[in-house]
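Enquirer: let me see the structure of the following:
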Amino acid sequence: MRELDGPTQGLKASVTKRLEATFRRRVKGDTLVTPELAKHLVDLSHEMNRQVGVLINRNGEVERVIVGEPSRLYLPDIGRHRAGAGRLRGLRLVRTELRPELGLGREDLADLTKLRLDGVVSVEIDPRGVPRHAHWAHLVPDAHKRTMSPVVETYPSVHALPEDAMARVREAEAELSRVFGGDAREVSRASAMLVGVWAAGKGARQRAEESMEELRQLARTAGVKVVDAVIQIRRELDPRTVVGKGKMEELALQALELGAEMLVFDRDLSPSSLRQITDMTELKVLDRTQLILDIFAQRATSKDGKLQVELAQLKYMLPRLADKSTALSRLTGGIGGVGPGETKLEIHRRRARDRIHRLEEEIGRLSMQRAIRRRTRQEANIPVVSLVGYTNAGKSTLLNALTRANVLAEDKLFATLDPTSKRVRFPNEHEIILTDTVGFIRDLPKDLVNAFKATLEELEESDLILLVVDAADSQARDKMQAVERILDDLGITEVPRMVVLNKIDAAPRIMVSALRRATHGIAVSATTREGLPRFVDRMQESLFLQEEDRRRAHEAYIAEVMAETGN
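Expert: Below is the predicted model of the structure:
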């Protein structure tokens, strides 16, 4: 005899025997459930005062019998059988409901969508133990949005359920296979809804849209498929759920309709808000910091980079290890779970602190080794020039253009993470060490800045910092200021800086002229090599001329910029 699922302790032997006998029942034809099986489940549920459910396969056989609680039924693990993109699970859930006014709840729709069930049937029971209405939820493909949406139909009784229901399910699956191609490639990427919440104020809407566009790019870099983005402007943020209870319920339902597996918030969430939102939505919930940490974990290749990312992740997760809520389990695995891994994230606080201490010691040793290498370079009297800038400003492309290197350069945020140093020889036999550093971003997580201080400390020893700005970006000035704030926070204020306006081939000339006037920067294109000779000359002037000659050269360049831009 197959075993029952759920809390069966304390049940009468006669009730247990009747529950086990449910496995021998069959449903014939294309009906969802027979009236006889429904009445059997209703009688058992009324006697135990608990929900009872069965999972029925397409042959009409009862595969699982589940005993629940008075207000909820917890489904067992049913594996990944038939879980391709164009196929449904091949199982339908039939359960009882002791609260007639509820019918089908959010949990039912979540199970239907996440598990790709053939359908969910809820049979209401009145206080006398008599069956009432029957509710049937099933999935309907949306070819335009490439998603599946749950549809709920209500009938006066089990007898009124459509006789061709399973035939309709098979038709929906055929359409699903046509839309998705019948394989798992389309659903292999995690799908997410982006949520931006901003306090009301002047320019709040514009700032929110700009920030959400950056979050969309971060999600793309992390390998997340964005199905929708929601912006909410509030007078004040809700301390529990950020967006408010009503809006959160709306987001949960919208996520179900769009097939989103997670919510990604464009702000940092406190541990209590994270738990509250996760409990309400039963979705994986990430905030901006965790998404950035995940990208860093995916792209770190050196030992130093991997250690520093793990350190930042553990520091981020430490306050979230206070209890073993379901939110923690949803944070592990997949997007938002790369790095330390599930086992390290679930260890108790003492072991997490021990690991943090060991990582800090190891990173400290690596920092000492870098200091020795820096002293060697200083003794050789070779100037060090560091490329610094907002992520995706084109630093790696510029490095490749100047050194003929082959550093990874993609149109993604944080395409390169680990610093790269190359030697450059100028035509007049001068040499420099050119270093490409990690890209910066607004609201860079504090723990991440602290963790990368060891790597970024090389900036303090630089002879020149090249602040690379994407001239084609409408937010170029704001992003440049964000980078300068981070440099100031790191205490890097004494090193000379030169602004490099990159990607001028993709920017309107009027925008380039305005940026040159405002920043006195050098205009170049790393891809077309336009402006590179003048850029190299300016670097040599800054590095190798005497102080007085350098000042004169700088004044001459400013005068040249003002003349060219018509000021």
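Enquirer: any idea how the chain splits into domains?
Expert: Domain ranges of the chain: 13-180, 191-293, 302-361, 382-564, per automatic domain parsing.
Enquirer: give the contact list for the nearest residue to V130 once chain neighbours are set aside.
Expert: Nearest non-adjacent residue to V130, counting by C-beta to C-beta, 6 or more residues apart in numbering: V42, 7.9 Å away. C-beta coordinates here come from the backbone N, C-alpha and C atoms, glycine included. V42 makes contacts with 96, 123, 125, 129-131, as judged by C-beta atoms under 8 Å, 6 or more residues apart in numbering.
Enquirer: ranking by neighbours, what's the top pick from these?
Expert: Highest neighbour count within the contacts of V42: V123, with 27 neighbours (other C-beta atoms under 10 Å).
Enquirer: where does it land on pLDDT?
Expert: For V123, the pLDDT comes out at 94.
Enquirer: related to what we said a few turns ago, right, and the helix or strand after the helix or strand hosting the residue nearest to V130?
Expert: Using DSSP states H and E, V42 sits in helix 35-48. Next helix or strand after helix 35-48 toward the C-terminus (DSSP H and E): strand 52-57.
Enquirer: quick one: distance of that following strand to the chain centre.
Expert: From the chain centre to the centre of strand 52-57 is a distance of 34 Å (C-alpha atoms, centre = their mean, to the nearest Å).
Enquirer: and it, average pLDDT?
Expert: Mean pLDDT, strand 52-57: 94.
Enquirer: re earlier: nearest to A371 among the contacts of V42?
Expert: T96 (69.4 Å; C-beta to C-beta).
Enquirer: give me phi/psi at that closest one?
Expert: phi -100, psi 160 (degrees, to the nearest 10).
Enquirer: just list the residues touching it, thanks.
Expert: Going by C-beta under 8 Å, 6+ apart, the list of residues near T96 reads 41-42, 45, 51-53, 122-123, 125.
Enquirer: try it again at 7 Å.
Expert: Contacts for T96 (C-beta atoms under 7 Å, 6 or more residues apart in numbering) come out as 41-42, 45, 51-52, 123, 125.
Enquirer: please apply the same query to E124.
Expert: Contacts of E124 (C-beta under 7 Å, 6+ apart): 97, 100, 103, 131-133.
Enquirer: returning to what we had before: between the contacts of V42, which sits nearest R423?
Expert: T96 (74.5 Å).
Enquirer: what's the longest helix in this structure?
Expert: Longest helix of the chain, by residue count under DSSP state H: helix 349-379.
Enquirer: the next helix or strand after it pairs with which strands?
Expert: Next in sequence after helix 349-379, counting helices and strands by DSSP H and E, comes strand 384-389. When sheet partners are counted by DSSP bridges, strand 384-389 sits next to strand 431-436 (parallel), strand 464-470 (parallel).
Enquirer: and the longest strand along the chain, C-alpha only, in CSV?
Expert: In the chain, taking DSSP state E as the definition, the longest strand is strand 131-142. Output in CSV follows, covering the C-alpha atoms of strand 131-142 (Å, rounded to 0.1, in the frame of the first residue of the first chain):
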residue,chain,number,x,y,z
PRO,A,131,-20.6,19.5,-0.9
ARG,A,132,-21.4,22.9,-2.5
HIS,A,133,-19.7,24.8,-5.3
ALA,A,134,-16.8,23.4,-7.3
HIS,A,135,-14.0,25.7,-8.6
TRP,A,136,-11.7,24.7,-11.5
ALA,A,137,-8.4,26.6,-12.2
HIS,A,138,-6.4,25.8,-15.3
LEU,A,139,-3.6,27.4,-17.4
VAL,A,140,-4.2,29.3,-20.7
PRO,A,141,-1.2,30.1,-22.9
ASP,A,142,-0.6,33.7,-24.0
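Enquirer: if we can go back for a sec, and the domains of the chain: which comes nearest M368?
Expert: When those are compared (using C-beta to C-beta), the closest one is domain 382-564, at 9.8 Å.
Enquirer: rewinding a little: between the contacts of T96, which sits nearest N400?
Expert: Q51 (62.3 Å).
Enquirer: quickly note the distance from that closest one to I66.
Expert: Distance of Q51 to I66, given as C-beta to C-beta, to the nearest Å: 8 Å.
Enquirer: what touches both of these two?
Expert: Contacts common to Q51 and I66, judged by C-beta under 7 Å, 6+ apart, are L73.
Enquirer: more neighbours: these two, which one.
Expert: Ranked by neighbour count (other C-beta under 10 Å), Q51 and I66 place Q51 first, with 24 against 20.
Enquirer: the more buried one reaches L41, doesn't it?
Expert: No: when contacts are counted by C-beta atoms under 7 Å, Q51 is not listed as touching L41 (9.3 Å).
Enquirer: tell me the contacts of the closest residue to V158 other than its chain neighbours?
Expert: For V158, ignoring the flanking residues on the chain, the nearest one in space by C-beta to C-beta, 6+ apart is A38 at 4.4 Å. A38 makes contacts with 123, 131, 158, as judged by C-beta under 7 Å, 6+ apart.
Enquirer: if you set the cut-off to 10 Å instead, what comes out?
Expert: The contact partners of A38, by C-beta atoms under 10 Å, 6 or more residues apart in numbering, come to 32, 54, 94, 96, 121, 123, 131, 134, 157-159, 161.
Enquirer: quick one: pLDDT of it?
Expert: 94.
Enquirer: thank you, goodbye.
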